[in-house]
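*Asks:* Fold the following, please.
(chains A, B, C and D)
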Protein chains: 2
Amino acid sequence: MSEETPVLRRDAEHNRQRTLAAAQEVFAARGLQATLNDVAHHAGLGVGTVYRRFPNKEALAEAIYAGKLDDIRATAQAALAGQDAYEALRAFLEHALEQAATDRGLRELIRRGTGESKQIARTREGIVECCGCLIARAKEQGTVRDDITVGDIAPIVTMIDSVMDLPSAGAVQPWRRYLALILDGLRARPDHRGQRSS
Amino acid sequence: MSEETPVLRRDAEHNRQRTLAAAQEVFAARGLQATLNDVAHHAGLGVGTVYRRFPNKEALAEAIYAGKLDDIRATAQAALAGQDAYEALRAFLEHALEQAATDRGLRELIRRGTGESKQIARTREGIVECCGCLIARAKEQGTVRDDITVGDIAPIVTMIDSVMDLPSAGAVQPWRRYLALILDGLRARPDHRGQRSS
DNA sequence: CCGAAGTGGATATGACATATCCGCTTATGT
DNA sequence: ACATAAGCGGATATGTCATATCCACTTCGG
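*Replies:* Predicted structure coming up:
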């Protein structure tokens, strides 16, 4: 591993932190399509300063989101320890989507199927794997319908994400409602068999 | 009303149809961000020819989608005649989303909250109004939960739309699954009150 | 067969993001 | 204090891309 940390001058390191903080805010608010000029300006720095530390926007985004995503992966891993697999999955998804709710950049990164670094891709796979285990276990426990698979997770996350993008009225968080609705739909319902509407 | 149809030369009218047909296909396949150059080329025409008939992309898109959207509105209106309001709403949404499924441009138009013509906006409002009636009636009939409102329709449509945008595996149409899941979640469940999971 | 209508597509225009360059400033250690 | 490497700012070069126009040429239709 060619680990090179050329030891930055103190002010330079400070500006690096400012850049990261500004990028955090700007990406969270306006998404990954925000420009590095936007980020630099928001940090009160010149563009050149930002480009000195990060070769391009992708590198900056990865510096920010690799950690965040891995935190989410760790949460998923931790969820595996829960007794009730369904409840663990539910809690994990709610946690992960809470992160996404406050960070448009993260949302875009989660949703983006392609064009990302190995690092991010591997983390994503890790998350999916955990979800797979949880679903398998929930099925064993009889709390999730048999026809549900891991493949359903990504679409569900996408659906909830899309609601977050909606210019919805103010402070409420309608996504929680819909997540609850959908997750409830995944449940096995032995009591509710063959019900007819009329 | 300044209705002006300057009577086109026969070849010109033909090319106008070609343009509309090409735009239909291109917008359906690649969405509204496709350029008029794309459309013209796909129609086997020069760009100038397209611009001669349609001042800009928006006008072309409206020429195509005003009718489509109004058809959907008509379907919604017709749904009001159904006995079972819940079932009518379900059938309508499935119908409307079937249209959206095969037309990315339509999807984008439906989802776009703003920046559209009065015409389109009014049609959309009409659709929403019909859905409102259906929901109100379904609640009376006790087939839909009390806490559901018209405001839930747009997010639901958005969610399903977002699944359609996913580069999902081939020919299957997972959106039907999710629509069914969500709509089932809207149902009143008198049999399923206060159920505890453990 | 003439003139109005239509056509094509190269290209002007304008927006915009990315990334660089270089004269000036600042930190650091001796 | 000073020398010097490191860092800084931000104007600007570069590249990409969509929109829309223009005009020499062709075709329609009476």
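
*Asks:* For A:Arg10, see how far away the residue in chain A that DNA strand D sits nearest to is.
*Replies:* Nearest to DNA strand D, among the residues of chain A, is A:Gly48, at 1.8 Å (C-beta to the nearest atom of the strand). Where you see a C-beta, it was placed from the backbone N, CA and C, and this is true even at glycine. From A:Gly48 across to A:Arg10, the span is 19 Å (C-beta to C-beta, to the nearest Å).

*Asks:* ditto for A:Asp84
*Replies:* Noted for A:Asp84: a distance of 51 Å to A:Arg10, by C-beta to C-beta.

*Asks:* Looking at the two, which is more packed in?
*Replies:* For A:Asp84 versus A:Arg10, neighbours defined as other C-beta atoms under 10 Å in any protein chain shown are more numerous around A:Asp84 (16 against 7).

*Asks:* Thought A:Gly142 was touching that one, still the case?
*Replies:* No - A:Asp84 lies out of contact with A:Gly142 (C-beta atoms under 8 Å); the separation is 11.1 Å.

*Asks:* hey, what's in contact with both of those two?
*Replies:* Here A:Asp84 and A:Gly142 share no contacting residue, scored by C-beta atoms under 8 Å, 6 or more residues apart in numbering or on different chains.

*Asks:* give me the low-pLDDT residue ranges for chain A?
*Replies:* Along chain A, segments meeting pLDDT under 70 span A:1-4, A:169-170, A:190-198.

*Asks:* what does the domain assignment say about chain A?
*Replies:* The record's domain parsing of chain A by automatic domain parsing lists A:9-54, A:65-188.

*Asks:* wait, which of those domains is closest to chain B?
*Replies:* Closest approach to chain B among these (C-beta to the nearest C-beta): domain A:65-188, 3.5 Å.

*Asks:* near chain B at all, the closest one?
*Replies:* Yes - Domain A:65-188 is in contact with chain B by C-beta under 8 Å from any C-beta of the partner chain, via A:84, A:86-87, A:113, A:143, A:154-156, A:158-163, A:166-168, A:174, A:178, A:181-182, A:184-187.

*Asks:* Do a quick rundown of the helices in chain A.
*Replies:* Using DSSP state H, the helices assigned to chain A run over residues A:10-30, A:36-43, A:47-53, A:57-79, A:85-101, A:104-111, A:118-140, A:153-165, A:174-186.

*Asks:* Ok, which of the ones you listed comes nearest B:Leu69?
*Replies:* helix A:153-165 (20.3 Å; C-beta to C-beta).

*Asks:* Pull up the residues of chain A that are close to DNA strand C.
*Replies:* By the rule C-beta under 7 Å from any atom of the strand, the part of chain A lying against DNA strand C is A:9-11, A:33, A:35-37, A:47-48, A:51, A:55-57.

*Asks:* What's the PyMOL line that selects buried ones from these?
*Replies:* Typed into PyMOL, the line below selects the buried ones among the residues of chain A next to DNA strand C, using 16 or more other C-beta atoms under 10 Å in any protein chain shown:
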select buried, chain A and resi 36+57
